[in-house]
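Any chance you could fold what I've pasted below:
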Amino acid sequence: MPARKKIEEAEEKEIKVSEVTEEFKKELIEEIKKEMQEDTNVEETESKKVEVIEDDEDDFYNDYRNYKEMREEFNNKRNYKREKNPSSFRLGFIMVFSFIVGAMVMIGLIKYTPLLQEVIGSTDNTVITKNKTQVYEKGSLAPSVEKIYDAVVVIQCYKNDQLASTGTGFVYKTDNKYGYILTNAHVVSEMEKVNVTFTNDEEAEVKVLGSDSYLDLAVLRVDKKYVSLVANIGSSEDVKIGDSVFTVGSPMGYDYRGSVTSGILSGKDRMVAVSVSNSQMNDWVMRVLQIDASINPGNSGGPLLNINGEVIGVCSMKLVDDEIEGMGFAIPIEYAMSHVEQLEKGEDIEWPVLGVSMANITDTGTLYRNNIRVDDNIKEGVVVISTTDNSAAKEAGLKAGDVITKLGGNSTKNIAYLRYELYQHSAGDEVEIEYIRDGKTHSVKVKLGKSS
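The predicted structure follows:
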């Protein structure tokens, strides 16, 4: 039994301390010294009090009481210091608690944040090799492809009971009865019958609800029972140049259906001149996304997607040039979705009109046939060949030979650009037109008409 306990028992039984043996007194002194020396917070003045106990063994009982008072005073000081400086136990508790909370937050981020999944990997990107080894592929698009793959269809168009063209489309919405597919207008234009084939090889005939050659968009309708997945619509505005993108399509038709190609967003707001209805000239300009992902015949109408598998564009064309390779274009999804409601209803898109017959300033043959001569110093613009009776142009005073150089303050270097600027407005809008007549620049306000 420790000496201190024996002393306390002797005190409780009112036994004189003098009856306590010298052995117990020595043990008590050693315990006091050891306890005070082990406490790192004991100051030098406190340790000196041990010597007092050793020097006055004749009055041991009083010294013991003094010791108890001394320890109480010391403990009060130590508690005060603990309030100002947390103990190692407290610090340890805080560290363990912080570690646990941090681990929980990190697990949550890994599980629910797609960006971190891409950076540090996920089980979806694990490839099992032939010998059962698991290899993590950091740049895999597999999880993103799964979000769109079954929403993509092969489009097969028939004329005179013969396959005339193929393309790609994707389901962008459903209602209680039908699924709705978006594709390019040039894919289904002037076709007698249109079928779609889903990834499970189910084939269905669809109805073309509406299309527009200038938008190069068409909406198809299919029975809902065939639809197993609907595409997620994203935003092309949120994608930056250099971001990864990919496409899913049917290059060269049915045999290569479901082909996935990837690349980067090479440019935004590219102005690309296109022809409409197989005309021999560029009819208007489209503002499109430029990508380096491979787009081939049959990809037209398919989705362009961001790294999260969201549709950001509709693949529309490929720039074909012997000196240029790997340059594709897509209609921004915001522009496409702003017109689908009208197409679903089968309504014609009402484009604004000026009411003029026109030619490019470089089309010298047309100008010669209409007996129109333009100053050689004018290098860009659209020449008015004639105006339609009761049209906006006629009422504004435009006449044959005028060269339109600006519409709404923007340059109209040829017919394609004039149509682009014109179609940024609506019928009934009033716009300013700048033109050259007899070597002088004029401007006039024109109230736009609507297409009939």
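
From here on, just use CA atoms for contacts and neighbour counts.
Fine.

Assign a three-state SS to the residue lying closest to C315 once chain neighbours are set aside, would you?
Leaving out its chain neighbours, the residue that sits closest to C315 by Cα to Cα, 6 or more residues apart in numbering is A330, at 4.1 Å. Following DSSP: H, G, I helix; E, B strand; the rest coil, the label given to A330 is strand.

Show the contacting residues for A330.
The contact partners of A330, by Cα atoms under 8 Å, 6 or more residues apart in numbering, come to 288-291, 304, 313-317.

Now neighbour count and pLDDT too, for those, in a markdown table please.
Rendered in a markdown table, the data for those read as follows (neighbours: other Cα atoms under 10 Å; pLDDT from 0 to 100):
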| residue | neighbour count | pLDDT |
| --- | --- | --- |
| V288 | 23 | 92 |
| L289 | 27 | 94 |
| Q290 | 23 | 92 |
| I291 | 27 | 92 |
| L304 | 29 | 95 |
| G313 | 28 | 96 |
| V314 | 31 | 95 |
| C315 | 31 | 92 |
| S316 | 25 | 84 |
| M317 | 21 | 66 |
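
For E30, state which of those residues is nearest.
Nearest to E30 among the contacts of A330: L304, at 83.8 Å, using Cα to Cα.

Now do the contacts for that closest one.
Applying Cα under 8 Å, 6+ apart, the residues near L304 are 245-248, 311-315, 330.

same deal with V219?
180-183, 208-211, 340, 343-344.

Narrow the residues you listed to those in strands?
Of those, the ones assigned to strands by DSSP state E are 180-183, 208-211.

closest to G408 among the residues you listed?
For the ones in strands among the contacts of V219, the minimum distance to G408 (Cα to Cα) is 27.6 Å, reached by S211.

That closest one - how many residues pack around it?
A count of nearby residues for S211, using other Cα atoms under 10 Å, gives 28.

Then V285?
Neighbours of V285 under the rule other Cα under 10 Å: 21.

Can you tell me the SS state at it?
Taking three-state DSSP, the label given to V285 is strand.

out of everything not next to it in sequence, what's closest to it?
The shortest distance from V285 to any non-neighbouring residue, by Cα to Cα, 6+ apart, is to A273 (4.2 Å).

so what's that neighbour up against?
Per Cα under 8 Å, 6+ apart, neighbours of A273: 282-286, 416-417.

any chance you could map the helices in the stretch 351-452 of the chain?
Remark: helices assigned in the stretch 351-452 of the chain by DSSP state H, counting those that start in this stretch are 364-369, 392-396, 415-422.

quick one: low-confidence ranges for this protein?
1-29, 31-92, 109-139, 277-280, 317-326, 452 (pLDDT under 70).

go with 80
Judged by pLDDT under 80, the chain has its weakly predicted residues at 1-97, 105-139, 275-283, 293-297, 317-326, 451-452.

Please tabulate the helices of the stretch 351-452 of the chain in a markdown table, including the columns distance to D161 and mean neighbour count.
Below are these laid out as a markdown table (distance: least, Cα to Cα, whole Å; neighbours: other Cα atoms under 10 Å):
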| stretch | distance to D161 | mean neighbour count |
| --- | --- | --- |
| helix 364-369 | 40 | 13 |
| helix 392-396 | 45 | 19 |
| helix 415-422 | 36 | 22 |
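
Those helices: which one's closest to A103?
Proximity to A103, assessed across the helices of the stretch 351-452 of the chain by Cα to Cα, is greatest for helix 415-422 (55.1 Å).

quick one on the thing from earlier: and the helices of the stretch 351-452 of the chain as a markdown table, adding distance to K445?
Below are the helices of the stretch 351-452 of the chain laid out as a markdown table (distance: least, Cα to Cα, whole Å):
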| stretch | distance to K445 |
| --- | --- |
| helix 364-369 | 26 |
| helix 392-396 | 7 |
| helix 415-422 | 13 |
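
Out of the ones you listed, which gets nearest to Y226?
Once the helices of the stretch 351-452 of the chain are compared by Cα to Cα, helix 415-422 is nearest, at 37.9 Å.

Could I get the full set of helices for this structure?
With DSSP state H as the criterion, the chain has helices at 3-12, 22-38, 44-55, 60-84, 88-112, 114-120, 142-146, 185-188, 333-337, 340-344, 364-369, 392-396, 415-422.

ok, now how distant is S338 from G301?
Distance, S338 to G301, by Cα to Cα, to the nearest Å: 16 Å.

higher neighbour count, these two?
G301 (33 against 9).

which non-adjacent residue is nearest that one?
T183 (3.9 Å).

Which residues does the nearest residue to C157 once chain neighbours are set aside form beta bridges with?
Ranked by Cα to Cα, 6+ apart and with sequence neighbours excluded, the top spatial neighbour of C157 is V194, at 4.6 Å. Bridge pairing for V194 (DSSP bridges) gives the partners C157, V206.

Please list all residues in contact with V194.
Counting by Cα under 8 Å, 6+ apart, V194 touches 155-158, 188, 205-208.

circling back: take the contacts of A330 and write them to TSV, including distance to V230.
Listed next are those as TSV, based on distance: Cα to Cα, whole Å:
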residue	distance to V230
V288	24
L289	23
Q290	25
I291	24
L304	15
G313	15
V314	15
C315	18
S316	20
M317	24
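
Could you report the neighbour count for S98?
S98: 12 neighbours (other Cα under 10 Å).

hang on, the earlier thing: between the contacts of L304, which is nearest V239?
Closest approach between these and V239, by Cα to Cα: I312, at 8.3 Å.

any idea which strand is longest in this protein?
Longest strand in the chain, counting by DSSP E: strand 259-274.

you'd agree G263 is up against V245?
Yes. If you go by Cα atoms under 8 Å, G263 and V245 touch, sitting 5.5 Å apart.

hey, what's in contact with both of those two?
Shared contacts of G263 and V245, defined by Cα under 8 Å, 6+ apart, comprise 291, 293.

higher neighbour count, these two?
Neighbours per residue (other Cα under 10 Å) separate G263 from V245, with V245 holding more: 25 against 16.

Okay, and the beta partners of that one?
Beta bridges link V245 to G263, N306, judged by DSSP bridges.

contacting residues for it?
Under the criterion of Cα under 8 Å, 6+ apart, the neighbours of V245 are 262-265, 291, 293, 304-307.

And it, how close does it get to L141?
Look at V245 and L141: by Cα to Cα, they are 10 Å apart.
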